[in-house]
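*Asks:* the amino acid sequence is not available; the structure is as follows:
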């Protein structure tokens, strides 16, 4: 992400001195996070979707689609996740043509790392249909529509919300006379099941080292001034699930611990807010269904 | 051997039909298509429209602040975001034209935009062809001679495709160019038309578009002069019906123009209000 645009020496100096005394260009303190605006269920043809905006800048749209696939021989009683992140040239002209390829790979891997493995908390066994043969593959496709810094955090916020919005079609497995397994996919959306343990899915909070201090939820300019960054992935029990340092600078151990602590604290708040929002969204939809009203999908921009 | 069968009994088939009617579940339409009649005896289409009715069209200018111009358009369930950068210096020397500006169009489709998930590479022939169609449409409309040796970039991002992605893209690109303040001769307004049982249809949705028996015509016109700048048709149709289809589609273009124009005027009014109040 380091090659994203240029920043002048004067601007860098301005940002660094601001961080030293705890002032940022947009009026936030070092630990302040732009309140994420999350909307669920925007994409009608997906099984789950969400969009996350941070401030006026960052804007990501995530869709989750269930697809039938072959079970992985190494883990034959589980389903799979496939993540793909695309930066649209609407976010920046640098993403034109093949310009976004490296960043796409980097972001896809960052989301994949948070969602696969024991730390993800998702019950992948739920996605198994016929052990060793068929399973559901959750295709998580994200589009970065606008790039205003801190995209990894926004991607995970949107992905977690989209997973909470996801309903997996019900399958009925029957054993045939010759011992083979046959299954039917129930097309009724009413019977589709939510994913289990979505509340265990972690969120990521990124701390950027600028000068001798650090900031959370950096804007694009701040990211350009950062010498190093630390991605901390935290789940709702407060456990650190993953930590990754990137950037070419080095971080002192004392600052590292402070960054980790601040990120952990922020992640707890974000998780609480999001769980509350998801609960509200679900009760709202259930109430509308009970009254027989149509559930309208929010529009993307209009 | 295992076989995958789809539940089609009772509730499920009704739901499949219902989904097809809402034209949301586009993946199953090849199966549903043969049963859904595109125009019922009462003269209503699968989504409840009349033959000469457009889908709900709503648009927004400058949804993205950092770009020189941007616009978002929703035509029924088809949603497109257009972003314009420029006119600015050309990035590649080979593209420099000494008497006019070079227009570069990139057409991108979200992997989740259609019924079946499909990841398209940026070199997909179909996408390149669509980008070329948009480029050729705007080459004659943008006053490129006013900006020699420069480049105008138009990026089109299809977020949802429920039929008529090309027409929505052209309409969105027009708005984004207006938003960017790029001088143009006129708006470019696009619309699709089709034909079922010798009855012309306006603004096809995905089910109608993918049906084998419906011809699918996309027209773009300059509303002031009425000139046609883009015309694409697939499938076959009797020449008598072609004229009927074309007239209806051009009438649709004029309706689209009214919506686009009012949204441009609204957005400029807002801008003017902001400037006078502050």
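*Replies:* Structure received. On a predicted model such as this, the values are computed, not experimentally measured, just so you know.
*Asks:* all the strands of chain B, in order from the start?
*Replies:* B:4-6, B:57-61, B:69-75, B:78-89, B:102-109, B:150-160, B:189-196, B:199-202, B:216-222, B:227-234 (DSSP state E).
*Asks:* what residues does the stretch 101-250 of chain A have near chain B?
*Replies:* The stretch 101-250 of chain A comes close to chain B at residues A:130, A:133-134, A:139, A:141, A:143, A:145-146, A:172, A:180-189, as judged by CB under 8 Å from any CB of the partner chain. For glycine as for every other residue, the C-beta is placed from the backbone atoms N, C-alpha and C.
*Asks:* contact residues of the stretch 51-200 of chain B facing chain A?
*Replies:* B:58-60, B:63-67, B:70, B:72, B:74, B:77, B:79, B:81, B:83, B:85, B:106, B:108, B:110-115, B:117, B:119, B:122, B:153, B:155, B:157, B:159-160.
*Asks:* buried ones among those residues?
*Replies:* Neighbour counting over these (16 or more other CB atoms under 10 Å in any protein chain shown) leaves B:59-60, B:63-64, B:66-67, B:70, B:72, B:74, B:77, B:79, B:81, B:83, B:85, B:106, B:108, B:110-115, B:117, B:122, B:153, B:155, B:157, B:159-160 as the buried ones.
*Asks:* could I get the full set of strands for chain A?
*Replies:* A:36-40, A:48-54, A:59-70, A:80-87, A:128-130, A:134-146, A:167-168, A:171-175, A:181-185, A:193-194, A:203-210, A:213-216, A:228-234, A:240-246.
*Asks:* so can I have TSV of those showing mean pLDDT and mean neighbour count?
*Replies:* Output for the strands of chain A, formatted as TSV (pLDDT from 0 to 100; neighbours: other CB atoms under 10 Å in any protein chain shown):
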stretch	mean pLDDT	mean neighbour count
strand A:36-40	95	19
strand A:48-54	95	26
strand A:59-70	94	23
strand A:80-87	94	21
strand A:128-130	91	19
strand A:134-146	94	25
strand A:167-168	94	18
strand A:171-175	89	13
strand A:181-185	87	17
strand A:193-194	92	13
strand A:203-210	96	27
strand A:213-216	95	24
strand A:228-234	94	23
strand A:240-246	90	17
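*Asks:* list the contacts for residue B:45?
*Replies:* Each residue near residue B:45 by CB atoms under 8 Å, 6 or more residues apart in numbering or on different chains is listed here: B:38-39, B:51, B:201, B:205, B:208.
*Asks:* try it again at 10 Å.
*Replies:* B:21, B:23, B:36-39, B:51, B:53, B:194, B:196, B:201-205, B:207-208 (CB atoms under 10 Å, 6 or more residues apart in numbering or on different chains).
*Asks:* equivalent analysis for residue A:85, please.
*Replies:* Contacts of residue A:85 by CB under 10 Å, 6+ apart are A:60, A:62, A:100, A:103-112, A:140-144, A:151-152, A:155, A:159.
*Asks:* and for the nearest residue to it once chain neighbours are set aside, the neighbour number?
*Replies:* In space, and not counting its chain neighbours, residue A:85 is closest to residue A:107: 4.0 Å by CB to CB, 6 or more residues apart in numbering or on different chains. Residues lying near residue A:107 (other CB atoms under 10 Å in any protein chain shown) number 23.
*Asks:* which strand residues bridge the residue in the stretch 51-200 of chain A that chain B sits nearest to?
*Replies:* Proximity of the stretch 51-200 of chain A to chain B (CB to the nearest CB) peaks at residue A:63, 3.8 Å away. Here residue A:63 sits in beta bridges with residue A:49, residue A:141, going by DSSP bridges.
*Asks:* does residue B:246 touch residue B:226 like I think?
*Replies:* No: if you go by CB atoms under 10 Å, residue B:246 and residue B:226 don't touch, sitting 11.7 Å apart.
*Asks:* now do the contacts for residue 50.
*Replies:* No chain specified, so I'll use chain A. Taking CB under 10 Å, 6+ apart, one finds A:38-43, A:60-64, A:142, A:157-166, A:274, A:278, A:281 in contact with residue A:50.
*Asks:* sorry, should have said chain B
*Replies:* Here residue B:50 is in contact with B:39, B:42-44, B:201-202 (CB under 10 Å, 6+ apart).
*Asks:* which residue packs closest to residue B:119, ignoring adjacent ones?
*Replies:* residue B:111 (4.5 Å).
*Asks:* just the pLDDT for the one you found.
*Replies:* On pLDDT, residue B:111 comes in at 93.
*Asks:* before we move on, what about residue B:3?
*Replies:* 39.
*Asks:* which residues of the stretch 201-302 of chain A fall in helices?
*Replies:* Per DSSP state H, counting those that start in this stretch, the stretch 201-302 of chain A carries helices over the ranges A:220-225, A:253-291.
*Asks:* hmm, back to that, would you confirm that the residue nearest to residue B:119 contacts residue B:117?
*Replies:* Yes: counting by CB under 10 Å, residue B:111 touches residue B:117, with 5.7 Å between them.
*Asks:* anything in contact with each of those two?
*Replies:* A:63, A:65, A:139, A:141.
*Asks:* would you quantify the distance from the second one to residue B:249?
*Replies:* In this structure, residue A:65 and residue B:249 are 33 Å apart, going by CB to CB, to the nearest Å.
*Asks:* and for the third one?
*Replies:* Residue A:139 is 36 Å from residue B:249, where distance means CB to CB.
*Asks:* what's the answer for residue B:156, then?
*Replies:* 21 Å.
*Asks:* cool, and residue A:221?
*Replies:* Distance, residue A:221 to residue B:249, using CB to CB: 47 Å.
*Asks:* more neighbours: which of these two?
*Replies:* residue B:249 (28 against 19).
*Asks:* am I right that that one is in contact with residue B:203?
*Replies:* Yes: contact criterion CB under 10 Å: residue B:249 and residue B:203 qualify, at 8.5 Å.
*Asks:* what sits in contact with each of these two?
*Replies:* B:167, B:191-194.
*Asks:* just give me the closest of those residues to residue B:93.
*Replies:* Using CB to CB, residue B:167 comes nearest to residue B:93 of the shared contacts of residue B:249 and residue B:203, at 34.6 Å.
*Asks:* and for the closest one, the neighbour number?
*Replies:* 29.
*Asks:* could you give the angle of the top helix by length along chain B to strand B:189-196?
*Replies:* The single longest helix within chain B, with elements called by DSSP state H, is helix B:239-277. Helix B:239-277 and strand B:189-196 are oriented at 150 degrees to each other (axes from the mean of the first three to the mean of the last three CA atoms, to 10 degrees).
*Asks:* where does the prediction get shaky in chain A?
*Replies:* Applying pLDDT under 70 to chain A picks out residues A:1-4.
*Asks:* so which residue is smack in the middle of it?
*Replies:* residue A:156 (1.5 Å; CA atoms, centre = their mean).
*Asks:* find the nearest non-adjacent residue to that residue, please.
*Replies:* residue A:204 (4.5 Å).
*Asks:* same question for residue A:217.
*Replies:* Beyond its immediate neighbours in the sequence, the residue positioned closest to residue A:217 (CB to CB, 6+ apart) is residue A:33, lying 4.5 Å away.
*Asks:* need the contact list for the one you found.
*Replies:* Taking CB under 10 Å, 6+ apart, we find residue A:33 in contact with A:54-55, A:150, A:153, A:205, A:216-217, A:266-267, A:269-270, A:273.
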